[in-house]
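Asks: what follows is a predicted protein model with its sequence.
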Amino acid sequence: MARLADRVWRLRESPTRRIDRVREELARRGADLIMLSTGQPGVPPPRWLRERLAELLAADDLKLYSYTPSAGLSELREAIAEDVRRLGGPSLEPEQVVVTAGGQSAMWSVAAALLEPGDEVVLVDPTFFAYPPIVEYHGARVVWVRARPEEGYQPDPEEVKEAIRRGRTKMVVLVTPDNPTGRVLREDVARSIAEYAADAGAWVVVDEAYKTLIYEGRHVWVYRYAPDSVVAVNTFSKDPGLAGWRLGYVYGPRDAVRAVNRVVEHTVYCPPSIAQYAALVYLREWKLRMEFIEWVRSVYARRRDAMIRAVEEHLPDARYVRPQGAMFLVLDLEGYVRGLGVDSEALAERLLAEERVATVPGTYFGTVTRYALRLSFVSEPEHRIAEGVRRIARLVQRMRGAK
Ligand SMILES: Cc1ncc(COP(=O)(O)O)c(C=O)c1O
């Protein structure tokens, strides 16, 4: 057989994909799985949006099925710029927005547009597991900066500054609200990092996938601090929950957006048209959109609180930082499993096999979360979340008993 490209294996399989395969197999065998693994929205997009789409689909309208501009429908780029402004963000021209085929494609396109072999990229440990493979695929090197639970997972700006090397660092990635920790970046931290990075000639990529899913505090618009150097990654997967329809966007300085657009043109040609029309309807109905997202936030906040109550009751020695946003709680079980010779990967595997609870091991996000599990609090109702935590406690007790 002819040779494959070596670098393709830098694209390690996503851990949630792997868990999904095991989960599908168990589900086929009729197992009752409690899903605490995915960031899949637990509620469908609003009914009014689905009804409007049904009307659009009922008409004989070719535009729904046609190619769109690579950068996305111009009306959608305008609607996105307007939406960002109404959410309290910066004023953008539509030319500063490019629509992508989901957040993943936004991340990929940004990396392809900004990175060259040999570049350094500063990532916060822990961070969303999708970033390191993309960075490494493009020949760049990850430089880690730790964010500690004692500081609510806020990165220390001084440590980030030390990691930034003029002429070597091309990109600093900040995720806020964060996956996996749910931490919302503090304004002073964001500002200090963004201004320093920009001054050192590095791009700041801010991942805002969960910007409207904040339960306490408010979103920090990092772009404002360094508008020539910040590129923002966004998705419609979480709000309004169009995860499988693959739609996201990037905004930033015009030149960066033009470069991202070029990558989109050569990878997907244009983002899915039907999803673009859905997003257009959604964003244009500002009042209904706000009502919907407020309701979603209240559902998710209740589920998060149910998870915290169950942790307090069943795993009182576990450490966690109350997530202010996003969809996940990082449950640090070091106090229970240290000394047992297991890390979170072994723990997650046993949880799935023995207790039928799907989680994501903290090892996939960095070293800080080595003994932690990432638990999603959005995709199961409250009573099943509590049951999932009970089962985690049961396994941990069993493991300690067998020591
Ligand atoms: C922080 C973050 N960025 C980007 C993405 C990717 O978004 P999408 O699902 O639209 O590809 C996700 C998805 O989980 C995420 O959590």
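Replies: Received it, and whenever you're ready, just let me know what you need. Computed from a prediction, not measured in an experiment: that's the story for all the values here.
Asks: now the end-to-end length of stretch 136-144.
Replies: 13 Å (CA to CA, to the nearest Å).
Asks: what residues of that stretch count as buried?
Replies: Using 16 or more other CB atoms under 10 Å as the test for burial, stretch 136-144 gives 136, 137, 138, 140, 142, 143, 144. C-beta: built from backbone N, CA, C; applies to glycine.
Asks: and for stretch 63-71?
Replies: Counting neighbours by 16+ other CB under 10 Å, one finds that the buried residues in stretch 63-71 are 68, 69, 70, 71.
Asks: surely the second one touches residue 270?
Replies: Looking back up the chat, that one is residue 69. Yes - between residue 69 and residue 270 a contact is recorded at 6.6 Å, counting by CB atoms under 8 Å.
Asks: biggest helix in this structure, by residue count?
Replies: Of all segments of type helix in the chain, defined using DSSP state H, the longest is helix 286-314.
Asks: packing partners of that one?
Replies: On a contact count with 3 or more CB pairs under 8 Å, 6 or more residues apart in numbering; DSSP states H and E, helix 286-314 meets strand 328-332, helix 382-401.
Asks: what mean pLDDT does it have?
Replies: Averaging pLDDT along helix 286-314 gives 98.
Asks: angle of it against strand 328-332?
Replies: Helix 286-314 and strand 328-332 are oriented at 20 degrees to each other (axes from the mean of the first three to the mean of the last three CA atoms, to 10 degrees).
Asks: now do the buried residues in helix 286-314.
Replies: By 16+ other CB under 10 Å, the buried positions in helix 286-314 come out as 289, 292-293, 296-297, 299-301, 303-304, 306-308, 310-311, 314.
Asks: below-threshold pLDDT in the chain: ranges please.
Replies: 403 (pLDDT under 70).
Asks: ok, how many other residues are close to the closest residue to the ligand within it?
Replies: The nearest approach of the chain to the ligand comes at residue 103, 2.4 Å away (CB to the nearest ligand atom). Residues lying near residue 103 (other CB atoms under 10 Å) number 25.
Asks: now it: how far from residue 59?
Replies: Distance of residue 103 to residue 59, computed by CB to CB, to the nearest Å: 30 Å.
Asks: re the thing from before, now render the buried residues of stretch 136-144 as CSV, adding distance to residue 194.
Replies: Formatted as CSV, these follow (distance: CB to CB, whole Å):
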residue, distance to residue 194
136, 24
137, 25
138, 22
140, 20
142, 19
143, 17
144, 19
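Asks: can you add distance to residue 402 and give the buried residues of stretch 63-71 back as TSV?
Replies: Shown next, in TSV, are these (distance: CB to CB, whole Å):
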residue	distance to residue 402
68	58
69	60
70	57
71	57
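Asks: now, which of those lie close to the ligand?
Replies: Among those, no residue lies close to the ligand (CB under 6 Å from any ligand atom).
Asks: same list (those residues) but as a markdown table, adding secondary structure.
Replies: Shown next, in a markdown table, are these (DSSP: H, G, I helix; E, B strand; the rest coil):
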| residue | secondary structure |
| --- | --- |
| 68 | coil |
| 69 | coil |
| 70 | coil |
| 71 | coil |
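Asks: could you dump stretch 94-114 to PDB, C-alpha only?
Replies: Written as PDB, here are the backbone C-alpha positions of stretch 94-114 (Å, rounded to 0.1, in the frame of the first residue of the first chain):
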ATOM      1  CA  PRO A  94     -20.200  42.300   8.300                       C
ATOM      2  CA  GLU A  95     -16.800  41.900   6.400                       C
ATOM      3  CA  GLN A  96     -15.300  41.100   9.800                       C
ATOM      4  CA  VAL A  97     -17.500  38.000  10.000                       C
ATOM      5  CA  VAL A  98     -17.000  34.700   8.200                       C
ATOM      6  CA  VAL A  99     -19.500  31.800   8.600                       C
ATOM      7  CA  THR A 100     -18.100  28.300   9.100                       C
ATOM      8  CA  ALA A 101     -19.300  24.700   9.100                       C
ATOM      9  CA  GLY A 102     -19.500  24.600  12.900                       C
ATOM     10  CA  GLY A 103     -17.100  25.600  15.700                       C
ATOM     11  CA  GLN A 104     -14.700  22.800  14.800                       C
ATOM     12  CA  SER A 105     -14.300  24.100  11.300                       C
ATOM     13  CA  ALA A 106     -13.900  27.600  12.700                       C
ATOM     14  CA  MET A 107     -11.100  26.400  14.900                       C
ATOM     15  CA  TRP A 108      -9.500  24.500  12.000                       C
ATOM     16  CA  SER A 109      -9.800  27.400   9.600                       C
ATOM     17  CA  VAL A 110      -8.300  29.800  12.100                       C
ATOM     18  CA  ALA A 111      -5.300  27.500  12.800                       C
ATOM     19  CA  ALA A 112      -4.800  27.100   9.000                       C
ATOM     20  CA  ALA A 113      -5.000  30.800   8.500                       C
ATOM     21  CA  LEU A 114      -2.600  31.800  11.300                       C
END
